[in-house]
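A.B. asks: what shape does this take:
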Amino acid sequence: MSDKGSEIDDLVAPLVSFRRDLHAHPELAYEERRTSRKIEEALRQLGLEVHTGIGGTGVVASLKVGSSERAIGLRADMDALPFHEETGLPYASRTPGVFHGCGHDGHVAMLLGAAQQLARTRRFDGTVHFIFQPAEEGHAGARAMVEDGLFERFPCDRVFALHNWPDLPAGTVSTRPGPIMAAADKFDILVEGRGAHAAMPHKTPDAILAASDLVTQLNGLVSRRIPPMSTAVLSVTRIEGGSSHNVLPASVRVVGTVRTFDIAVQDKIEEALRQVAAGVALASGTCVSVTYQRYYPATVNDAAAADEALAAAASVARAELAAEPAFTSEDFAFMLQTCKGAYLWLGQGRGDAEVPLHHPRYDFNDDVLATGIRLHVALAERHLAS
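C.D. replies: Just a heads-up that it's a prediction; the model follows:
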């Protein structure tokens, strides 16, 4: 492992301040106008070719050095989450109910640092495209950018993204060939009876009883319908129905998520879920309607790109082959369906005090910002070696 940390020492403190400013002014999916403007200003100061409004509020900057036609894309997401922050930090969110609870503020700062370093050292031959993506948190900003011509306008041989990972020790980098994050599906099931007085349950199909049966059967679906060697998760996350102790409600809603890595398993679960819903309807006399949405595909790394990423990581950090994928999802999957590349985890764990992503007391660990910068730089310089 070579140590080029001293090369970027002067970048870190200003970028920590930049990151904390973004943290204090979080913006939700497709509303990242202030964030995009700050990114654009920083990139233009480097003299880069900057394009805005891609996929909504996305920003892409390009840096070409030498004569090679090779090109690499480096992506950072920039949206926040719609929930309240409880960190008590001096730079905590000033926007009630909006919070950088996943570290995208840190991702932006690391990629900007890489742009600054690559622009001044220029130790590569080819083009680096710095991709700042909106709306990762459930709103498919990556797909919006791809559909807006991202890779036609900015062709890439490889595209890489990294995400801070509290479960890994700070400074460790991990990835793997093949699936690294799961496909994410959402189901929304409406169970309808007619409603009645609770003292006269014989006068209506009982939507609550039917919904309870539905939840029980759904929680056994993976273990009884999916082969044991396959991997999947189904979780019921919300049940809504009723407003009084003495009224049987006319309807109950059951909502949840399915996570898979194999499209055949994904198909099987959706089919089985619809069969279970139909069976509950028949048995209970209720009307059961299913809305099933496949909103993010599995994030699948190209094997050669994953090897390339691990080699680059080993030059700047502790690099580990991830033993297994995670059941969380990531819309970088849409970019990987179009361009070969890999998704990496950058450890930020600080021991028992670390909280998980999407926790109200989460904060990006600024101590790993320098590692993230060096990792981005290493990915570019390795792929575009002159």
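A.B. asks: measure the closest residue in space to H104 that isn't next to it in sequence to M110 for me?
C.D. replies: Spatial nearest neighbour of H104, excluding adjacent residues (Cβ to Cβ, 6 or more residues apart in numbering): D77 at 4.8 Å. In short, each C-beta sits where N, CA and C put it, glycine included. Counting by Cβ to Cβ, to the nearest Å, the separation of D77 from M110 is 11 Å.
A.B. asks: re earlier: so the residue nearest to H104 touches E136, yeah?
C.D. replies: Yes - counting by Cβ atoms under 8 Å, D77 touches E136, with 3.8 Å between them.
A.B. asks: which neighbours do the two have in common?
C.D. replies: Both D77 and E136 are in contact with 104, 332, where contact means Cβ atoms under 8 Å, 6 or more residues apart in numbering.
A.B. asks: distance check, the closest residue in space to R176 that isn't next to it in sequence against P179.
C.D. replies: Closest residue in space to R176, ignoring its immediate chain neighbours: A322 at 4.0 Å, by Cβ to Cβ, 6+ apart. Using Cβ to Cβ, A322 is found at 10 Å from P179.
A.B. asks: I'd like to know how many residues surround Y362.
C.D. replies: For Y362, the count of nearby residues is 22 (other Cβ atoms under 10 Å).
A.B. asks: tell me the SS of it?
C.D. replies: Following DSSP: H, G, I helix; E, B strand; the rest coil, Y362 is assigned to coil.
A.B. asks: local confidence estimate at it?
C.D. replies: Reported pLDDT at Y362 in the predicted model: 98.
A.B. asks: could you pull up phi and psi at it?
C.D. replies: Dihedral pair for Y362: phi -70, psi 150, per degrees, to the nearest 10.
A.B. asks: just list the residues touching the spatially most central residue of the chain, thanks.
C.D. replies: By Cα atoms, centre = their mean, the chain has its centre lying nearest to E330, at 3.3 Å. E330 makes contacts with 136, 161, 163, 181, 296, 299, 343, as judged by Cβ under 8 Å, 6+ apart.
A.B. asks: A322 is in contact with the fourth one, correct?
C.D. replies: No - counting by Cβ under 8 Å, no contact exists between M181 and A322, whose distance comes to 10.6 Å.
A.B. asks: the more surrounded of the two?
C.D. replies: The neighbour count for M181 versus A322, taken as other Cβ under 10 Å, is higher for M181 (26 against 19).
A.B. asks: next, count neighbours for the residue lying closest to the more buried one once chain neighbours are set aside.
C.D. replies: With Cβ to Cβ, 6+ apart as the criterion, M181 has its nearest non-adjacent residue at 3.7 Å, and that residue is T299. Counted with other Cβ under 10 Å, the neighbours of T299 add up to 28.
A.B. asks: tell me the pLDDT at T299?
C.D. replies: Value for T299, per-residue pLDDT: 98.
A.B. asks: contact partners for A309?
C.D. replies: 160, 175, 301, 342, 344, 379.
A.B. asks: having no further points to raise, I will conclude here.
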